[in-house]
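1. Next input, structure requested:
(chains A and B)
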Amino acid sequence: NAGVTQTPKFRVLKTGQSMTLLCAQDMNHEYMYWYRQDPGMGLRLIHYSVGEGTTAKGEVPDGYNVSRLKKQNFLLGLESAAPSQTSVYFCASTRLESGDTQYFGPGTRLTVL
Amino acid sequence: RKEVEQDPGPFNVPEGATVAFNCTYSNSASQSFFWYRQDCRKEPKLLMSVYSSGNEDGRFTAQLNRASQYISLLIRDSKLSDSATYLCVALWDGYNKLIFGAGTRLAVHP
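-> As a prediction, this is how the structure comes out:
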């Protein structure tokens, strides 16, 4: 049982390049989330999904797109990376029950030059 | 105004000390609250949930005051291994969306 995994762990992009971050969970969780964490700002929700085939915007969705084609996977895409998207990205998942624990992946450190 | 506010610290305390962290939240509709722990360059992990009646888990005690919209975490007999950032978290809605505070950094020294 691997829990929540993220690939890649590190990435350096040039401005304007695109990339996709992959999140996978093997706990059969319904809900999945993408956050970014910047110094002094805590985690902020980018997008989330309440089930396969559904996605919704979070607090800071601009510049990102997501897809949840399979229940266990949640993809975060950057179509045209900008230096402001330099951050640590965390994926999380949880069950349906309200207030249930969110389990986080180990994070992806992204630098956009 | 941030929705969940915490004192960023750092709190530098000796081993064995008692330390308290405070947190305020702005959304009076928030129903559930949590403390997460985050070690340097690692993912956040749930430390404990916070209940109105207060709850204790070993050396850790969490309290919620809904009238004042205030949450606290008390750590007794601090250990070196308690050094981390502690994140105050509010449940936002039925989709289990969480709102995180920026975190309070704790450094326990010998």
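2. What helix or strand is the most centrally placed residue in chain A located in?
-> By CA atoms, centre = their mean, chain A has its centre lying nearest to A:W34, at 2.9 Å. Counting by DSSP states H and E, the element that carries A:W34 is strand A:31-38.
3. The closest residue to A:L75 other than its chain neighbours: neighbouring residues, count only.
-> Counting by CB to CB, 6 or more residues apart in numbering or on different chains, A:S67 is the residue found nearest to A:L75 once chain neighbours are left out, at 4.9 Å. Bear in mind the C-beta positions are built from the backbone N, C-alpha and C, glycine included. With neighbours defined by other CB atoms under 10 Å in any protein chain shown, the count for A:S67 comes to 15.
4. again, but for the one 4 residues further on
-> Burial measure for A:K71: 16 neighbouring residues, criterion other CB under 10 Å.
5. Are we agreed that it is in a strand?
-> No: using DSSP: H, G, I helix; E, B strand; the rest coil, the assignment for A:K71 is coil, not a strand.
6. can I assume it is in contact with A:N28?
-> Yes: between A:K71 and A:N28 there is a contact under CB atoms under 8 Å: 7.3 Å.
7. all strands of chain A, in order?
-> For chain A, strands defined by DSSP state E occupy the ranges A:4-7, A:10-13, A:19-25, A:31-38, A:42-51, A:54-57, A:64-67, A:73-78, A:87-94, A:103-104, A:108-112.
8. Which of those sits closest to B:K45?
-> In terms of CB to CB, the element of the strands of chain A nearest to B:K45 is strand A:103-104, at 7.1 Å.
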